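Participant: here is the input, now give the coordinates:
(2 chains)
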Amino acid sequence: SQTIHQWPATLVQPVGSPLSLECTVEGTSNPNLYWYRQAAGRGLQLLFYSVGIGQISSEVPQNLSASRPQDRQFILSSKKLLLSDSGFYLCAWSLAVKNTEAFFGQGTRLTVV
Amino acid sequence: KQEVTQIPAALSVPEGENLVLNCSFTDSAIYNLQWFRQDPGKGLTSLLLIQSSQREQTSGRLNASLDKSSGRSTLYIAASQPGDSATYLCAVRRNDMRFGAGTRLTVKP
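Facilitator: This is a model prediction of the structure:
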């Protein structure tokens, strides 16, 4: 069966520090991968999605970047965090086939102080 | 760019009541629509997936409908229970997947 792993679960980082959040999927190949951010009490904002290795679509220009170094690995990074980067970050995957469900990781609660 | 709207933003009902949550989207060229549940501080749990060619899907006390041409979906919850209290999110998928802001449901015992 397929599983998605996202870590760490919580993270407290100072302003100006770098960030690296990792998401990996097991039990499938060539998935679509997604990064979302959810501000407190708000909906999910799509940050990046990827339909294959090295193929990243960016939704919101900001100081975040994403990379997909391997088929089932999706990394969210920042060189210098801002206070406004605080939030709940969620990774998701789906099969590339159109009519299939998407599944989410458990999320990373990031607090920038 | 696809815009997804959910109404109401919050809903409080007594236990046992039937209720309807609404989701609308601006671009009907979607592959599917998916309803999720989110408990506070947690990730999302998939409830129902409706393919673009389908009109509705049912799972237990949940029934979701899709009218793609008018850009609307509803989630019907029958005989609500306190354990149904959560935020309900709809998402429409093409290559990307876009969400509404959710409906926060409270079911009072």
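Participant: list the contacts for residue 48?
Facilitator: If you meant another chain, say so; for now it's chain A. Taking CB atoms under 8 Å, 6 or more residues apart in numbering or on different chains as the contact definition, A:Phe48 lies against A:34-35, A:56-59, A:64, A:66, A:74, A:76. The way it works is simple: take the backbone N, C-alpha and C, and place the C-beta from them, glycine included.
Participant: please refer instead to chain B.
Facilitator: By CB under 8 Å, 6+ apart, the residues touching B:Leu48 are B:34-35, B:57-59, B:62, B:64, B:75.
Participant: tell me the residues of chain B that contact chain A?
Facilitator: B:6, B:31-32, B:34, B:36, B:41-46, B:49, B:51-52, B:89, B:91, B:93, B:95-102 (CB under 8 Å from any CB of the partner chain).
Participant: what about the residue in chain B that chain A sits nearest to, neighbour count?
Facilitator: The minimum distance from chain B to chain A, using CB to the nearest CB, falls at B:Ala101 (3.5 Å). Neighbour count for B:Ala101, taken as other CB atoms under 10 Å in any protein chain shown: 18.
Participant: pLDDT value on the closest residue to it other than its chain neighbours, please?
Facilitator: Sequence neighbours aside, A:Gly43 is the residue nearest to B:Ala101 in space, at 3.5 Å (criterion: CB to CB, 6 or more residues apart in numbering or on different chains). On the pLDDT scale, A:Gly43 is placed at 84.
Participant: do you know how far A:Gly43 is from B:Thr87?
Facilitator: Distance from A:Gly43 to B:Thr87, counting by CB to CB, to the nearest Å: 9 Å.
Participant: which neighbours do these two share?
Facilitator: B:Gly102.
Participant: tally of neighbours for B:Arg72?
Facilitator: Number of residues near B:Arg72 (other CB under 10 Å) recorded here: 16.
Participant: could you find the closest non-adjacent residue to it?
Facilitator: Per CB to CB, 6+ apart, closest to B:Arg72 is B:Ser24, 5.2 Å.
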